[in-house]
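Student: sequence first, then the predicted structure, then my questions.
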Amino acid sequence: MAQNPPERPEPPAFPAVNRPPSPPQTPATDSGERPPMTRREARAAREAQQRKAEESQAQPEQAQSAASQQPEPQRQEPERQEPSAPAPGAPVSAAQSPSATPWSLFDDSTPISSPIPPQETPADRAALAGLDFDAVITGPIAHVEEPETVSVAARHGSDDQTPSHHDHPARTIFGVLEETEDDSAQDEHPLVWRQQNYLSHDEPPKKRRWVKRLIVTIVVLGILGGMAGAAYAIFQPQIAKVQNALFPPENDYKGTGTGEVMFTIKSGDDGSTISENLAKAGVVKTYDAFYSLLLRQKPDVEFQPGVFKLAKQMSAAAALAALKDPSSRVENTAVIPEGTPEKDILQTVSDATKIPLADLQSAAANPAAYGLPAEAKSLEGFLFPATYTFAPGTTAQQAIKTMVDRMFQALDEAGVAPQNRWNTVVLASVVQREAGLKDDYPKVARVFLNRLAQGWDLQSDATVAYGTGHTDRVETTDAEREDATNPYNTYVHPGLPVGPISNPGDLAINAVQHPADGSWMYFVTWNLQTGETIFSTTQAEHEAAVEKWQQWMRDNPNYE
């Protein structure tokens, strides 16, 4: 036969596949033509071939080996048995055809290791046309009349059954295709390609569609989560306001509160200090409730010193609104910071109480009228820094007496005896102006006490500046430090200055009463912005600290 064309041929037509049952055919005529085989005939022929294969396997192994070395004799067509009832003839395979003429599916030049079957006859073609193609390729299809279970091994030639080309009449024709292996696509028989690639009863592998769905779901959730996070970051203040309005936090009160509380904001108080003081006064429930609210305010809230009329158990939002409301501020309130000199205190009280400044200055001209020590020539040092609320109609003398009495109270609480009030207040006023950080107050007091104990000059720049009338600064010039006409110049006049240079608070008074332990003789604040101070015992250590301060000044020429 000629070679197959390179393209895949059209599948052969098998009229017996899925065709309706045909009427009984007459037996084959003498001319050799046979009617098409039905499924029942094909199954009967396959069972006959299986029985024959089992009988051949029962022969001795020696006979099988001898038979394998001899050429396979031409198979004889078995005698046809007439059925007892009128029925189609017994199935006949192509291998049992009486024709002895050899034929091949491949070119004559291609060697075939398997025996060459006899030439195909019209009877063989008719028998092939009568086959059920599903039964030929994948095993018989169980028909309705006699259902029979066919295992996968029987249909696909599993290893647990002995392979044989005689299990079906058509396998005699296709046996050469099963035994011949050639990698060339041109030598493949159309039926071989059709059997391997076209028809199959195996179920295709199921695709794992759930994996793709899971990946898509994760990606979508990730995108939605990112969008939600970005939206929350952008609109967090608005969301927080709505959330607090709908679900007030448990660490906060509800409403505007009850009762009345006079709350004082001192100069220099920041948001954290105010939040803490509000919680201590019972205005808000917790520190966090008010402080967290402050952090969410845009722009930042700027508090003004003064006294504000608030209530007990207010919500954080209500307390903040009251502190920002000018009508909540109590009039006649004066806030006096620590270290403020007398002239600035009198001006502050005048502004708060509407008492004329001249009346206050006239009332302050007689310090002895308020019980000050005999050394006192003014009220300087004895006007205690605090926040005062003066009742309407308060006179100048009453206002001054209120502040002086408050200083006596602070001295008594610190354990200062009446006879020691003068020296204590004078030194405390110097410490108040010279010290920066609160932890440095006892150390600064110790330095001055060590100098006085060893007969050194006090050498305080703050006292020199006060004597020149510059109560707003501490730094001095060489000429100012050499001016002996300045009674407050502790560089040329030994001992304590002639009087206090500021009005000290509790921290400075307690530092003088309880100074730190140490042998320091020098100190210098090298970082004026942070207030960091270096304490030294020797002159060399002090000079190194001064050089550090001078370098900082060179690095910060615009610092004021």
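Tutor: Alright, I've got the coordinates. It should be emphasised that the depicted structure is a prediction, and the values quoted were computed from it without experimental measurement.
Student: which intervals of the stretch 51-200 of the chain have sub-threshold pLDDT?
Tutor: 58-121, 123-200 (pLDDT under 70).
Student: repeat for the chain
Tutor: Within the chain, the segments meeting pLDDT under 70 span 1-37, 58-121, 123-208, 237, 240-241, 243-249, 560.
Student: which stretches in it count as strands?
Tutor: Using DSSP state E, the strands of the chain run over 258-265, 306-312, 333-335, 387-389, 522-527, 532-536.
Student: sheet-wise, list the partners of the fourth one with their directions.
Tutor: It stands for strand 387-389. Partners of strand 387-389 in the sheet, by DSSP bridges, are strand 333-335 (antiparallel).
Student: list of residues touching the strand it pairs with?
Tutor: Strand 333-335 has contacts (CB atoms under 8 Å, 6 or more residues apart in numbering) with 264-267, 305-307, 348-349, 351-353, 387-390. C-betas here are computed from N, CA, C, even on glycine.
Student: next one: stretch 400-411
Tutor: With contact meaning CB under 8 Å, 6+ apart, stretch 400-411 is reached by 336, 345, 349, 360, 363-364, 370-372, 379, 382-384, 386, 388, 390, 421, 424-425, 503, 505-506, 509.
Student: need the buried ones from the residues you listed selected in PyMOL.
Tutor: The following PyMOL line selects those of those that are buried, judged by 16 or more other CB atoms under 10 Å:
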select buried, resi 336+345+349+360+363+364+370+372+379+382+383+384+386+388+390+421+424+425+503+505+506+509
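Student: which helix is the longest one in this protein?
Tutor: In the chain, with assignment by DSSP state H, the single longest helix is helix 209-234.
Student: re earlier: among the contacts of stretch 400-411, which are located in helices?
Tutor: Residues of those located in helices (DSSP H): 345, 349, 360, 363, 421, 424, 425, 506, 509.
Student: is the first one in contact with residue 383, as I believe?
Tutor: Yes. When contacts are counted by CB atoms under 8 Å, residue 345 is listed as touching residue 383 (5.1 Å).
Student: intersection of neighbour lists for those two?
Tutor: The contact sets of residue 345 and residue 383 overlap at 336, 403, 503 (CB under 8 Å, 6+ apart).
Student: redo the residues you listed as CSV? Include distance to residue 44.
Tutor: Shown next, in CSV, are these (distance: CB to CB, whole Å):
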residue, distance to residue 44
336, 124
403, 130
503, 128
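Student: which one of the residues you listed is nearest residue 39?
Tutor: For those, the residue nearest residue 39 by CB to CB is residue 336; the value is 117.6 Å.
Student: is the closest one in contact with residue 351, as I believe?
Tutor: No. Taking contacts as CB under 8 Å, residue 336 lies outside contact range of residue 351: 11.6 Å.
Student: next up, phi/psi of residue 391, please.
Tutor: Backbone torsions for residue 391, taken as degrees, to the nearest 10, come to phi -70, psi 150.
Student: and the nearest residue to it once chain neighbours are set aside, how many neighbours does it have?
Tutor: Spatial nearest neighbour of residue 391, excluding adjacent residues (CB to CB, 6 or more residues apart in numbering): residue 332 at 6.9 Å. If you count neighbours by other CB atoms under 10 Å, residue 332 ends up with 18.
Student: tell me the contacts of residue 290?
Tutor: Counted by CB under 8 Å, 6+ apart, residue 290 has contacts 274, 275, 278, 279, 284, 316, 319, 320.
Student: sorry, back to before: can you add distance to residue 481 and give the strands of the chain back as a markdown table?
Tutor: Below are these laid out as a markdown table (distance: least, CB to CB, whole Å):
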| stretch | distance to residue 481 |
| --- | --- |
| strand 258-265 | 39 |
| strand 306-312 | 39 |
| strand 333-335 | 34 |
| strand 387-389 | 36 |
| strand 522-527 | 15 |
| strand 532-536 | 19 |
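Student: most tightly packed of the ones you listed?
Tutor: Looking across those with neighbours counted as mean count of other CB atoms under 10 Å, the highest average goes to strand 333-335: a mean of 21.
Student: residue 212: neighbour count?
Tutor: Residue 212 has 10 nearby residues by other CB under 10 Å.
Student: repeat that for residue 269.
Tutor: Number of residues near residue 269 (other CB under 10 Å) recorded here: 16.
Student: how about the contacts made by the residue lying closest to it once chain neighbours are set aside?
Tutor: Closest residue to residue 269 apart from its sequence neighbours, by CB to CB, 6+ apart: residue 303 at 6.8 Å. Residues near residue 303 by CB under 8 Å, 6+ apart: 265, 269, 271, 274, 323.
Student: the last one against residue 308, yeah?
Tutor: Yes. Taking contact to mean CB under 8 Å, the distance of 5.7 Å between residue 323 and residue 308 places them in contact.
Student: what touches both of these two?
Tutor: Contact criterion CB under 8 Å, 6+ apart; residues shared by residue 323 and residue 308: 263, 265.
Student: how far away is residue 428 from residue 384?
Tutor: Separation of residue 428 from residue 384 (CB to CB, to the nearest Å): 11 Å.
Student: same check on residue 441?
Tutor: Using CB to CB, residue 441 is found at 17 Å from residue 384.
Student: same question, residue 40
Tutor: Distance, residue 40 to residue 384, using CB to CB: 125 Å.
Student: then residue 416?
Tutor: With CB to CB as the criterion, residue 416 and residue 384 are 13 Å apart.
Student: contacting residues around the closest residue to residue 301 other than its chain neighbours?
Tutor: Sequence neighbours aside, residue 294 is the residue nearest to residue 301 in space, at 6.2 Å (criterion: CB to CB, 6+ apart). Contacts for residue 294 (CB under 8 Å, 6+ apart) come out as 271, 275, 300, 301, 320.
Student: redo the residues you listed as JSON lines? Include neighbour count.
Tutor: Formatted as JSON lines, those follow (neighbours: other CB atoms under 10 Å):
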{"residue": "271", "neighbour count": "17"}
{"residue": "275", "neighbour count": "24"}
{"residue": "300", "neighbour count": "8"}
{"residue": "301", "neighbour count": "13"}
{"residue": "320", "neighbour count": "21"}
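Student: in helices only, show me these.
Tutor: Among the contacts of residue 294, DSSP H puts 271, 275, 320 in helices.
Student: of all those residues, which comes closest to residue 540?
Tutor: Closest approach to residue 540 among the ones in helices among the contacts of residue 294 (CB to CB): residue 271, at 44.1 Å.
Student: pretty sure that closest one sits against residue 293.
Tutor: No. Between residue 271 and residue 293 no contact is recorded; they are 9.7 Å apart, counting by CB under 8 Å.
Student: show me the contacts for the nearest residue to residue 464 once chain neighbours are set aside.
Tutor: Leaving aside its chain neighbours, residue 464 sits nearest to residue 476 (4.6 Å; criterion: CB to CB, 6+ apart). The neighbours of residue 476, taking CB under 8 Å, 6+ apart as the test, are 461, 464, 465, 468.
Student: neighbours of the second one, how many?
Tutor: It refers to residue 464. Neighbour tally, residue 464, other CB under 10 Å: 26.
Student: that one against residue 493, yeah?
Tutor: No. Counting by CB under 8 Å, residue 464 does not reach residue 493; the two are 10.1 Å apart.
Student: surely residue 450 meets residue 522?
Tutor: No. Between residue 450 and residue 522 there is no contact under CB under 8 Å: 9.8 Å.
Student: can you list the buried residues in stretch 485-492?
Tutor: Judged by neighbour count (16+ other CB under 10 Å), stretch 485-492 contains these buried residues: 486, 488, 489, 490, 491.
Student: and the end-to-end length of it?
Tutor: One end of stretch 485-492 to the other measures 9 Å (CA to CA, to the nearest Å).
Student: out of the contacts of residue 476, which end up buried?
Tutor: Neighbour counting with 16+ other CB under 10 Å marks 461, 464, 465 as buried within those.
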